[in-house]
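Asks: structure, please.
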Amino acid sequence: MHKRMGRWAVFALVLALVGTGCSLQVDSRLPDPNGPVSDDSSAGGVESEARAGWESLYPAYQLMEGGRRWGYTDRTGSFAIAPQFESAAIFQPVGLALISQGEISGVINAKGKLIYSDTGIYSAVAAGSVMILEGGGKSIMLDAAGSVLFEAGWISDEFSDGLAPFQTDGLYGYVDSKDGSLSYVTPEGKTVWEASDSMPLVGGGEIREQKIRSGPFVLIRYPQVAGLSNREVQDKMNQRLREAFGWTPPDNEGDWGSTLDVNYTVEQIGRILVVQLDGYWYPAGAAHGMPSKEYFHFDLDTGSEYELRDLFKPGSAYQARLEKLVSERILAERPDLFTTEPSVALDHDFAVTVEGLVLYWYPYEIGPYSSGFPTFVIPWDDVSDLIDRDGTFWRGLGL
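Replies: Numbers count the residues shown, from 1 in each chain. Now for the predicted structure:
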């Protein structure tokens with residue numbers, strides 16, 4: 001069973017315990033939105049603002065000269081985003097919230113930074129990984145960074161198979177919720193143009209997107225390699241990817257409204273294909289869902305899949321080195337985590353980039369859920385003496 005499935009299984013066990021009446025202790029110190037708010041708008045300071053995730057921020061107001069001013073408190077009741085807005089909506093699952101100040105409406109992130117502003121915006125609704133803004137006679141699709149993916153006269157926030165219908169200037173079409181890619185259809189329903197779902201590979205071949213739809217609440221997108229000269233290598237990688245992306249919730253989960261959304265990104269570094277799986281499983285009745293992240297590193301010439309140990313010289317103390325480097329980073333940067341000395345397993349979760357080696361832990365492994373995936377980038381120079389430069393993994397990267 002994949003590590004991701006095992007972690008989701010533990011998450012499901014916790015839900016089962018709750019469902020059978022077992023109690024779990026949680027932080028109950030949430031601010032009452034109708035009660036008094038602390039007069040210290042600076043409480044928490046920079047550290048509180050930096051540590052607060054969107055799921056731990058709550059609209060709250062303070063009476064000031066000129067009336068109520070809204071900001072956001074964290075779980076301790078301290079303001080993580082100071083009271084300054086005339087109105088403040090709850091944070092949406094994409095990590096953004098709609099605020100207003102005078103005639104200007106805007107969208108802020110969990111740090112309180114205004115990342116988009118306009119006039120006349122009266123609605124902001126999350127739809128998958130994007131946010132749909134309404135107002136001023138138009139609809140705008142934003143990604144989590146505040147970038148405008150698409151603008152039209154009207155964009156639906158009801159998605160089907162990852163696509164939302166839109167209308168602009170008498171034209172109708174569909175916009176993709178992941179990246180704003182489009183397809184256009186005639187009034188008769190004939191598709192006359194659509195964005196490409198393939199990516200060329202350097203050296204030949206391409207990546208093609210496949211989909212698994214299981215009921216109304218499960219959508220899995222996954223990559224498949226096509227066009228390689230060595231069909232055996234191609235089939236080997238594709239079989240592994242189908243197995244990795246093919247997990248779905250139990251059959252009865254769909255009846256309860258549970259959702260599963262899985263997507264991917266692909267990068268080629270030299271002759272190494274790096275595939276990232278991103279998933280989010282939301283069991284019915286849970287307080288929140290459980291995200292997943294997994295990387296796969298394939299050799300495009302042999303089809304071999306590499307693990308962390310394949311980067312380093314046999315017998316080298318790379319685990320101890322990595323643990324020391326991560327511990328130093330935690331002490332300097334991450335007071336929110338449970339431990340300052342996390343262990344690095346032989347098959348630890350990792351990714352390779354041009355800049356360095358990426359190590360990460362799942363929510364709850366070394367930090368609270370609100371800390372997400374604690375992630376650390378180790379520059380190659382910090383482990384250069386341990387790298388197996390004659391190994392096929394490193395030579396395939398061509399770094």
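
Asks: now do the helices in the stretch 1-150 of the chain.
Replies: 3-19, 45-51 (DSSP state H, counting those that start in this stretch).

Asks: did I read that right, Asp336 in a strand?
Replies: No. Applying DSSP: H, G, I helix; E, B strand; the rest coil, one finds Asp336 to be coil, outside a strand.

Asks: give the pairing partners of the helix or strand where Ile212 lies; include direction for each.
Replies: For Ile212, the enclosing helix or strand under DSSP states H and E is strand 206-213. Applying DSSP bridges to the sheet, strand 206-213 is found paired with strand 198-200 (antiparallel), strand 218-226 (antiparallel).

Asks: what sits up against the first one?
Replies: Put plainly, it is strand 198-200. Strand 198-200 has contacts (CB atoms under 8 Å, 6 or more residues apart in numbering) with 206-209, 226, 266. Yep, even glycine has a C-beta here, placed from its N, CA and C like the rest.

Asks: go with 10 Å
Replies: 205-209, 223-224, 226-227, 265-268 (CB atoms under 10 Å, 6 or more residues apart in numbering).

Asks: out of those residues, who has the most neighbours?
Replies: Among these, Pro223 has the most neighbours (other CB atoms under 10 Å), with 25 neighbours.

Asks: next up, the contacts around the closest residue to that residue other than its chain neighbours.
Replies: The spatial neighbour of Pro223 that comes closest, neighbours along the chain excluded (CB to CB, 6 or more residues apart in numbering), is Ile207 at 4.8 Å. By CB under 10 Å, 6+ apart, Ile207 lies in contact with 197-201, 223-227, 241, 264, 266, 268, 273, 275.

Asks: neighbours of Ala127, how many?
Replies: 18.

Asks: ignoring the adjacent residues along the chain, who's closest to Gly136?
Replies: Gly120 (3.6 Å).

Asks: hang on, the one you found packs against Gly137?
Replies: Yes. At 7.9 Å, Gly120 counts as touching Gly137 under the criterion of CB atoms under 10 Å.

Asks: distance from the strand holding Ile212 to the middle of the chain?
Replies: On the basis of CA atoms, centre = their mean, to the nearest Å, strand 206-213 sits 19 Å off its chain's mean C-alpha point.

Asks: then stretch 100-120?
Replies: 22 Å.

Asks: what residues of it count as buried?
Replies: 100-101, 105-110, 112, 116 (16 or more other CB atoms under 10 Å).

Asks: mind checking the SS state of Glu243?
Replies: Glu243 ends up helix, using three-state DSSP.

Asks: ok, it to Arg208 distance?
Replies: 17 Å (CB to CB, to the nearest Å).

Asks: then Glu355?
Replies: Counting by CB to CB, the gap from Glu355 to Arg208 is 28 Å.

Asks: kindly report the same for Val266.
Replies: In terms of CB to CB, Val266 sits 11 Å off from Arg208.

Asks: what score does the residue most central in space within the chain have for pLDDT?
Replies: The chain has Asp278 as the residue nearest its centroid, 6.6 Å off, counting by CA atoms, centre = their mean. Asp278 is assigned 92 on the pLDDT scale.

Asks: mind listing what it touches?
Replies: Here Asp278 is in contact with 129, 221, 261-265, 291-294 (criterion: CB under 10 Å, 6+ apart).

Asks: are any of the residues you listed buried, and which?
Replies: Of these, these count as buried by 16+ other CB under 10 Å: 129, 221, 261-264, 291-294.

Asks: which residue ranges of the stretch 201-350 of the chain form helices?
Replies: So, for the stretch 201-350 of the chain - with DSSP H, counting those that start in this stretch - the helices run 231-245, 318-333.

Asks: good, wrapping up.
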